[in-house]
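Colleague: Everything below, folded, please.
(one chain, ligands or ions: 1)
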Amino acid sequence: MSKPSINWHERAAVLKIDGRPLIGGRRVEGLSGEQFDCISPINGKSLGSVTRGQAADIDAAVASARAAFDDGRWARKPPASRKRVLLKFAELILAAKEELALLETLDMGKPIQYSLSVDVPAAARCIAWYAEAVDKIYDEIAPTGPNALALIQREAMGVIGAIVPWNYPMIMSAWKLGPALAAGNSVVLKPSEKSPLTALRLAELALQAGLPEGVFNVVPGFGHEAGEALALHRDVDAIGFTGSTRVGRKMLEYAGRSNLKRVYNELGGKSAFLVFPDFDDLKRAAQTVAGSMFFNQGESCNAPSRVLVHADIADEFMAMVAAEAPKYTVGDPLDEATVMGALVDEGQLRTVMGYIESGVADGARVLAGAKQTRQASGGYFVEPTVFEAQPQMKIAREEIFGPVMSMMRFKDEADAVAIANDSPYGLQASVWSSHIDRAHRVARALRAGTVHVNQYDEDDMTVPFGGYKQSGNGRDKSLHAFDKYTELKTTWLRI
Ligand code: NAD
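Modeller: Presented below is the predicted three-dimensional model:
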């Protein structure tokens, strides 16, 4: 028997929002008393007020994280003990699945079915994965001379500032928390002002799981206030930042102006999807590119927003993709059948519509969508949109971060690679070809942190996620993420 579906509107109506920071193991009042309204993109209405964290709140959170780190209440616990607490944390995330999913959907606008089936499980999986890893990592002994022993060890770094975006609030938080906490650090997390609610609940669940007070603190607020204060703080050892390339640049400046803290940037993208005429299943390629592009309303850093197709098959393939787009029907995010929800806020709606207008003005051909929709709801919705564009057009070069795909023609392999690599970004790319030599050759030539062959969006905790060029300088996920939150120490012993 299938489970009866939940009336999410009824649940939303009785949901209690607590927007206060969590510092030192307790919900506290913001020190400045300032608040902001947390607006739901589903209907433009306020979900409640959230503390507008300021430098003083960040100071309190960093002091609490530092005290927790220095007395070793977490950092000096044996890895197996940290593992137990973090596994419990992952279990509690899953147990709170419905509440977290509802908060995520109300706050950010994504369809409830994906908050339930993707975001919550992925966040829990990430925490559990690092918990499982931490007691299986060994340090090294260098092959030095006979009278010396050189130990090379990884040590927790100290206080980590995590600053995350709004598009996958829980998953992006988990990608920072998993490796940082498992390695023994303390964390101060600043979620996006557009979607702060689930991060605050995660901190409560971590406490409930047995994470000592002060180890994980969350301060909601705006980027130029709480975010800047955290990134400039002299007692923060590293910043794990995910967000735009524009703000990533500032992170490096803040580090230069303060204590040269480590900065790990995971930034924007404009990923290319290359389709060659020898690929034997164009329908699958069309379904894949539409699915990956329109998932999360196109608000994914790795959305394949530049689709390059060989001239010989361009008309056929563009028609196939255009026919896929309307299948991503925009609907009420709280309806379990909805596959495409609301853009995160009115500003994002304006940005996306501005790009659509610029595409039309530049002479790009609309193949699907291009309109705002569901205005009567009061929310911020845009149809899945497909353009045939030219490589130099703004819509084909800049990250739109909405459901807008630019399709372009190429004449041969060299042309395809040149167009794909002609971008300041290098997050992901995809090659579709039935020839193994071509697939390898093109994958090797593409300047991107991840290249998919004949698929897209394959995902696993074991592989790093991050980009070349202005898509960032770090890698989330996988064992490599431990490198970001640990220092390498060499100890020489005379023997
Ligand atoms: P954003 O850069 O505007 O904000 C990200 C975070 O930084 C937010 O918490 C924000 O409050 C904070 N912030 C903003 N200005 C700040 C400042 N001056 N000082 C300190 N903090 C500041 O990005 P966004 O709009 O929230 O997210 C969208 C961007 O994130 C896109 O570019 C997307 O590609 C990128 N992203 C990248 C990845 C990845 O793994 N590479 C994953 C998800 C999103």
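Colleague: A323 and the ligand, how far apart?
Modeller: 28 Å (CB to the nearest ligand atom, to the nearest Å). (Each C-beta comes from the backbone N, C-alpha and C, glycine too.)
Colleague: for H435, same thing?
Modeller: Distance from H435 to the ligand, by CB to the nearest ligand atom: 30 Å.
Colleague: can you check A133 too?
Modeller: Noted for A133: a distance of 20 Å to the ligand, by CB to the nearest ligand atom.
Colleague: Now do the SS call for that residue.
Modeller: With DSSP: H, G, I helix; E, B strand; the rest coil as the basis, A133 sits in helix.
Colleague: hang on, it packs against S478?
Modeller: No. A133 lies out of contact with S478 (CB atoms under 8 Å); the separation is 9.4 Å.
Colleague: Of the two, which one has the most company?
Modeller: It is A133, of A133 and S478, that has more neighbours when counted by other CB atoms under 10 Å, with 21 against 18.
Colleague: So which bits of the stretch 151-300 of the chain are right by the ligand?
Modeller: The stretch 151-300 of the chain has residues 163-167, 172, 190, 192-193, 222-224, 227-228, 231, 242-244, 247, 250, 266-269 near the ligand, with proximity defined as CB under 6 Å from any ligand atom.
Colleague: wait, what's in contact with the residue lying closest to Y468 once chain neighbours are set aside?
Modeller: Sequence neighbours aside, G426 is the residue nearest to Y468 in space, at 3.1 Å (criterion: CB to CB, 6 or more residues apart in numbering). Taking CB atoms under 8 Å, 6 or more residues apart in numbering as the contact definition, G426 lies against G269, R447, A448, G449, G467, Y468, K469, Q470, S471.
Colleague: Likewise for L87?
Modeller: Contacts for L87 (CB under 8 Å, 6+ apart) come out as A128, A131, E132.
Colleague: So G109 is in contact with E346, correct?
Modeller: No. Between G109 and E346 there is no contact under CB under 8 Å: 11.4 Å.
Colleague: out of those two, which sits in the more crowded spot?
Modeller: Set side by side, G109 and E346 show more neighbours around G109, with 28 against 13, by other CB under 10 Å.
Colleague: Look up how far S358 lies from the more buried one.
Modeller: G109 is 23 Å from S358, where distance means CB to CB, to the nearest Å.
Colleague: just to revisit the earlier point, just the buried ones from the contacts of G426?
Modeller: G269, R447, A448, G449, G467, Y468, K469, Q470, S471 (16 or more other CB atoms under 10 Å).
Colleague: Now the fifth one. Nearest residue, chain neighbours left out?
Modeller: Excluding its sequence neighbours, the residue lying closest to G467 (CB to CB, 6+ apart) is L427, at 3.8 Å.
Colleague: Which of the residues of the stretch 151-300 of the chain next to the ligand fall within helices?
Modeller: Per DSSP state H, helices hold the following members of these: M172, E228, A231, V247, K250.
Colleague: list residues touching both of G109 and E346?
Modeller: Residues touching both G109 and E346 (CB under 8 Å, 6+ apart): Y380.
Colleague: Count the neighbours of M318 for me.
Modeller: The number of residues packed near M318 is 22, by other CB under 10 Å.
Colleague: Show me what the spatially closest residue to it that is not a sequence neighbour bridges to in the sheet.
Modeller: Residue nearest to M318 in three dimensions, not counting chain neighbours: M407, with 5.4 Å by CB to CB, 6+ apart. With DSSP bridges as the criterion, M407 is bridged to V307, E388.
Colleague: where does M407 land on pLDDT?
Modeller: M407 carries a pLDDT value of 99.
Colleague: quick one: it and L367 touch, right?
Modeller: Yes. Contact criterion CB under 8 Å: M407 and L367 qualify, at 7.1 Å.
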